[in-house]
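K.L.:
my questions are about this predicted structure, shown below with the sequence.
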Amino acid sequence: MQALTNKSIAVNRSPMTFWERLYLINIIKGMMITFSHMFKKQPTVRYPEQKREFSPVFRGLHVLNRDEEGRENCTACGLCAVACPAEAITMEAAERMEGEEHLYREEKYAAKYEINMLRCIFCGLCEEACPKDAIYLSETFAPANYTRKGFIYDKNDLLIPNTLTDTNALAKAKGVEA
Amino acid sequence: MTLLAFDWAFIIEKLILIVIIVLTTLLITLYTTFGERKVAAILQDRPGPNRAGPFGLLQPLADGLKLIMKEEIIPNASSRWLFIIGPGLAMTASLMTCAVIPWGTAIHLFGRTIELQVADVNIGILYIFAVVSMGVYGIMIGGWASNNKFSLMSALRAASQAISYEIAMGLALIALLMTTGTLSLKTIVADQTAGHWWNIVYQPLGFVIFFICAMAECNRTPFDLPEAENELNFGYHQEYSSMKLGFFLFAEYVNMIMSSAIMASMYFGGYDLPFFDETTVAPNIAAMIGLGTLLIKIVLFVFLFMWIRWTIPRFRYDQLMNLGWKKMIPLALLNMLLTGALILSKL
């Protein structure tokens, strides 16, 4: 059979020479290799103090967006829940009442909106499905939790803070917290 | 102060010395476990334990506390008393070695001359041998009393390994004794100080043999077959929990420190600081310098042990036996023969 590349090397099966059988020489060679590693740069990211930079297209925790007047974009159309391959999203719709126009952009809004972060695979299909620019994947990831319940994020956890009333919270939600 | 024909001050002095030495050894052992993890980490480009205290220096205390707080499990099927005795024996045997190691020259305190050695017995090396071979009983009893196949296999391995390597070790030592002409460790060290060459110059091959055998006696990688994780599931450690497991683990490190101390004393001049005349300073200061020198030598040897552990994998059991019986023993015999011939030719 013809070889596909010229990279293959025949295994050397000749019996060990005297120096090889002594082991000592090769052990010392190996020890030199490990010794040289003492002076190498450690690639470790010391996590709580240091954080690795995520790429700008990183898909992390979801945020529910507001418009420029601070009103919720989501109309509870359910397209994200339909698009979700992991079936992580549930919502309940409600009708906007008189006097709530400053809270919700359209006549219908999500009264309940939950994402189960244990089910979510962070594919970003909800983001693509949303016709109202209401859901985005941020650059943070779900922190550890003691209970499974703690991973079901409701609207309070997901909704982006109102930048008009709470200015410094935006940076926090984006994951560039101090 | 002589009562019942005893010099009580002498006994108290020795008791204090024993307590200090044992406590220091345990403290150093604690930090050797930490050192092992740090050395492993650094050799593998990792930072190692660094959470507990500055640079992770409190890590060994946290480890010890964890071991003590764990539930103590004694299996129903085990031989209860032997199961408990096992780790204790391992620990005792490894600590007993420190009795004959000369930690420095004598210091003068309160008008007394205090030797920094618990017992200068004239059969020091034989004593070490007796105690070291007792160390394997801890493992054997522990492994057998666990009533577990893996533990039993590991106990068997430990015993046969200890027997095989003790012979080569003894033969290597005989060659050394032929050049020194004494069994007392104090005299051996004293002969290497003050302008004389260290014994490593006369016995390089003997030292290599002794070092390899010491590694096998301590059950260190590449000879850690009794606790081979992948085939024996940690061997004789398997049924142990809590501080009994801790004792087994500690005993290994104490053994390591003790064999480092012995190697430093027998081949590398013990407390002798090279190119330094101890008589130029006060005797107490000279003793402290000697103590520090010995500690540094021990640390270097312990580092060498660790360095080897994190470099090479363990031997296969047949390779281990091959090396012990077919290479180490003939080499040690050859070394003995050469030493004898050289001594004869000098006469």
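P.N.:
Happy to help now that I have it. Residues are numbered from 1 along each chain as shown, chains lettered A, B, ... in the order given.

K.L.:
where exactly do the strands run in chain A?
P.N.:
A:62-64, A:89-95, A:108-116, A:135-137, A:152-153 (DSSP state E).

K.L.:
er, the stretch 101-250 of chain B actually
P.N.:
B:107-109, B:112-114 (DSSP state E, counting those that start in this stretch).

K.L.:
which residues touch residue B:245?
P.N.:
B:67, B:87, B:237 (C-beta atoms under 8 Å, 6 or more residues apart in numbering or on different chains). All C-beta atoms are positioned from the backbone trio N, CA, C, and that covers glycine.

K.L.:
how about residue A:113?
P.N.:
For residue A:113, counting by C-beta under 8 Å, 6+ apart, the contacting residues are A:64, A:74, A:76, A:89-92, A:154-155, A:158.

K.L.:
how confident was the prediction at it?
P.N.:
With respect to pLDDT, residue A:113 scores 91.

K.L.:
how much space is there between it and residue A:136?
P.N.:
The gap separating residue A:113 from residue A:136 is 14 Å, by C-beta to C-beta, to the nearest Å.

K.L.:
now do the longest helix along chain B, average pLDDT.
P.N.:
The single longest helix within chain B, with elements called by DSSP state H, is helix B:8-43. The pLDDT scores in helix B:8-43 average 85.

K.L.:
lowest confidence element among the helices and strands of chain B?
P.N.:
Ranking every helix and strand in chain B by mean pLDDT, DSSP states H and E puts strand B:2-3 at the bottom, with a mean of 56.

K.L.:
assess the claim that residue B:257 and residue B:33 are in contact.
P.N.:
No - using C-beta atoms under 8 Å, residue B:257 is not in contact with residue B:33; the gap is 11.1 Å.

K.L.:
just the ones in helices from the contacts of residue B:245, please.
P.N.:
Reading helices off the contacts of residue B:245 with DSSP H, I get B:67, B:87.

K.L.:
which positions in the one helix or strand residue B:82 maps to come out as buried?
P.N.:
Taking DSSP states H and E as the definition, one finds residue B:82 inside helix B:80-96. Within helix B:80-96, the residues scored as buried using 16 or more other C-beta atoms under 10 Å in any protein chain shown are B:82-87, B:89-96.

K.L.:
what's the answer for stretch B:30-45, then?
P.N.:
Buried residues in stretch B:30-45 (16+ other C-beta under 10 Å): B:30-43.

K.L.:
and which of those is nearest residue B:344?
P.N.:
residue B:32 (42.5 Å; C-beta to C-beta).

K.L.:
got a list of what that closest one touches?
P.N.:
B:253, B:256-257, B:302.

K.L.:
what bridges to residue B:114?
P.N.:
Under the criterion DSSP bridges, residue B:114 forms beta bridges with residue B:107.

K.L.:
who in chain A is up against chain B?
P.N.:
A:23-24, A:27, A:30-31, A:33-35, A:37-38, A:40-44, A:46 (C-beta under 8 Å from any C-beta of the partner chain).

K.L.:
out of those, which are buried?
P.N.:
A:23, A:31, A:34.

K.L.:
and residue A:140, what are its phi and psi?
P.N.:
Main-chain dihedrals, residue A:140, degrees, to the nearest 10: phi -110, psi 160.

K.L.:
that one touches residue A:59, doesn't it?
P.N.:
No - using C-beta under 8 Å as the test, residue A:140 is too far from residue A:59 to be in contact (10.7 Å).

K.L.:
picking up where we left off before, let me have the buried residues of stretch B:30-45 in CSV, adding distance to residue B:144 as columns.
P.N.:
Output for the buried residues of stretch B:30-45, formatted as CSV (distance: C-beta to C-beta, whole Å):
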residue, distance to residue B:144
B:30, 29
B:31, 32
B:32, 28
B:33, 26
B:34, 32
B:35, 32
B:36, 28
B:37, 30
B:38, 35
B:39, 33
B:40, 31
B:41, 35
B:42, 38
B:43, 35
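
K.L.:
count the residues that sit near the residue in the stretch 101-250 of chain B that chain A sits nearest to.
P.N.:
Proximity of the stretch 101-250 of chain B to chain A (C-beta to the nearest C-beta) peaks at residue B:208, 7.7 Å away. Around residue B:208 there are 16 other residues, counting by other C-beta atoms under 10 Å in any protein chain shown.
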